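> Below: sequence and its predicted model.
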Amino acid sequence: MAIASETCGILPSAHLQRLLDTLSAKGYRIVGPIVRDGSVVWDTVRSVSDLPIGWRDQQEPGRYRLEQTGSQEVFGVVHGAQSLKQFVFAPREPLLQIERSKDGFATRPTLPQSEKVAIIGARACDLAGLTIQDRIFLNDAYRDPYYASRREGLFVIAVNCTRALSTCFCASMETGPRAKHGFDLVLTEVDDSLLIEAGSEAGRDLLSNLCLSTGSEQLSAEAARRIEACAQSQVRRLDHSRLPQALYDAHEHPRWDELAGRCLACTNCTMVCPTCFCHTVEETPDLSHQQSTHTRLWDSCFTQEHGYIHGKNVRPTIKDRYRMWLTHKLASWIDQFGTSGCVGCGRCITWCPVGIDVTEELSALLTQDGRSSGTPQQMESS
Ligand code: SF4
Ligand code: SF4
């Protein structure tokens, strides 16, 4: 059965440049994964050859490696340390310019210009993270105009995952590996073809510009089979069936002390997490003290300073800070926002220098004696 051409089409991978050229013609700056310094980062893409063709990533707790397979696979790398967070919630954002005047001072907001940016290669977990950031910055009582301005110009081209990393657990969080919403277009790479589906009016419009041959039932079925196989291959899972209460009940669990002995409070996990949104503000006056810039910066609940409130540090130890992070992420986030704060991307596992694994820690915290009920390796061999 052929699928309606306005919602689905097939593009040979060798013709992917057509999609990039169409986006450029519509005024988008294209951002995609590129290989840099042994990892994959988001950056401007002008040509298909900028994409990580033939590369694959291997990730384990505390370990990230890229390897070249020599294939023509375009989207073989699942992800790097960066999620989509930086495109909407900027790591460093000037909020206000303050200037001294005769009568006191005047303030001038420094809203960023909305830029048309097309991101190609976002994964289902990235979209789930973006939905959570939207909930925090746009859909709550206070709409953040800086975030809104950056978000407005985004056109998102997702890629369904057909290969899972050893650190992925999106299937258990029900956020992936198939992208279900939050994209304009979604691609599934099946050998040398890209199945393209539209998820928005803008996506349908772009798809119709490409004049592709219609999707076939055979290719759609093969794409679905590969996505399902990817879900089944995930060796990590997070059991959230007893959350949030079970984690609140574990507040005095001895595992927190053991964890505090390993955690370096380096903040890596919070920097790479697509949903963490802690920030601080800094005031930078000029030398003449005539003007000052008020800037928002990413911060982390793992720093001493972040817990310092009104003359007292409310989370003085690493144990306090790790417990606060995990309990917020997996428990109180549900009460606060109606969803888990974890989307199962596994980045905090890969980029933790000592390989602390949230799935293993939660499993241990939900048992009486603090021992994990099963490492991924045990699950594989059982
Ligand atoms: S807590 Fe870890 S696995 Fe969950 S969304 Fe954040 S970085 Fe990803
Ligand atoms: S990345 Fe690991 S060591 Fe660093 S703060 Fe997070 S849990 Fe602790």
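On my side now, so go ahead. Ligands and ions are numbered 1, 2, ... in the order given.

> leaving aside the residues next to it on the chain, what's closest to whichever residue of the stretch 1-150 of the chain sits closest to ligand 2?
Nearest residue of the stretch 1-150 of the chain to ligand 2 (CB to the nearest ligand atom) works out as G62 at 8.4 Å. Where you see a C-beta, it was placed from the backbone N, CA and C, and this is true even at glycine. Nearest non-adjacent residue to G62, counting by CB to CB, 6 or more residues apart in numbering: G355, 3.5 Å away.

> From ligand 1, how far off is that neighbour?
Distance, G355 to ligand 1, using CB to the nearest ligand atom, to the nearest Å: 13 Å.

> E361 is in contact with that residue, correct?
No - G355 is beyond contact range of E361, at 11.2 Å (criterion: CB atoms under 8 Å).

> neighbour-wise, which of these two wins?
E361 (22 against 15; other CB atoms under 10 Å).

> can I assume the more buried one sits in a strand?
No - if the criterion is DSSP: H, G, I helix; E, B strand; the rest coil, then E361 is helix and not within a strand.

> hang on, isn't it packed against L326?
Yes - in this structure, E361 is within contact of L326 by CB under 8 Å, at 6.7 Å.

> per-residue confidence at the nearest residue to S200 once chain neighbours are set aside?
In space, S200 comes closest to D184 once its chain neighbours are excluded; the distance is 4.6 Å by CB to CB, 6+ apart. According to the predicted model, the pLDDT of D184 comes to 98.

> Is P285 bridged to anything, and to what?
Beta bridges link P285 to S292 when assigned by DSSP bridges.

> Touching, the residue of the stretch 1-150 of the chain closest to ligand 2 and G346? I think so.
No - with contact defined as CB under 8 Å, G62 does not count as touching G346 (11.9 Å).

> And these two? Which one has more around it.
Per other CB under 10 Å, whichever of G62 and G346 has more neighbours is G346, with 28 against 15.

> and that one, what pLDDT?
98.

> residues from the chain in reach of ligand 1?
Contacts of the chain with ligand 1, taken as CB under 6 Å from any ligand atom, map to 272-275, 329, 342-348, 358.

> immediately after the longest helix seen in the chain, which helix or strand?
Criterion DSSP state H: the longest helix present in the chain is helix 217-232. Note on helix 217-232: by DSSP states H and E, the next helix or strand toward the C-terminus is helix 245-249.

> Outline the domain layout of the protein.
The chain breaks down into these domains under automatic domain parsing: 8-89+111-232, 245-280+301-381.

> which residues sit against the longest strand along the chain?
Longest strand in the chain, counting residues (DSSP state E): strand 92-101. Residues outside strand 92-101 that contact it (CB atoms under 8 Å, 6 or more residues apart in numbering) are 105-110, 112, 146, 281, 289-298.

> Distance from it to the middle of the chain?
A distance of 29 Å separates the centroid of the chain from that of strand 92-101, by CA atoms, centre = their mean, to the nearest Å.

> Neighbouring strands - and their directions - for that strand?
When pairs are called by DSSP bridges, strand 92-101 turns out to pair with strand 104-109 (antiparallel), strand 291-298 (antiparallel).

> Understood, closing this out.
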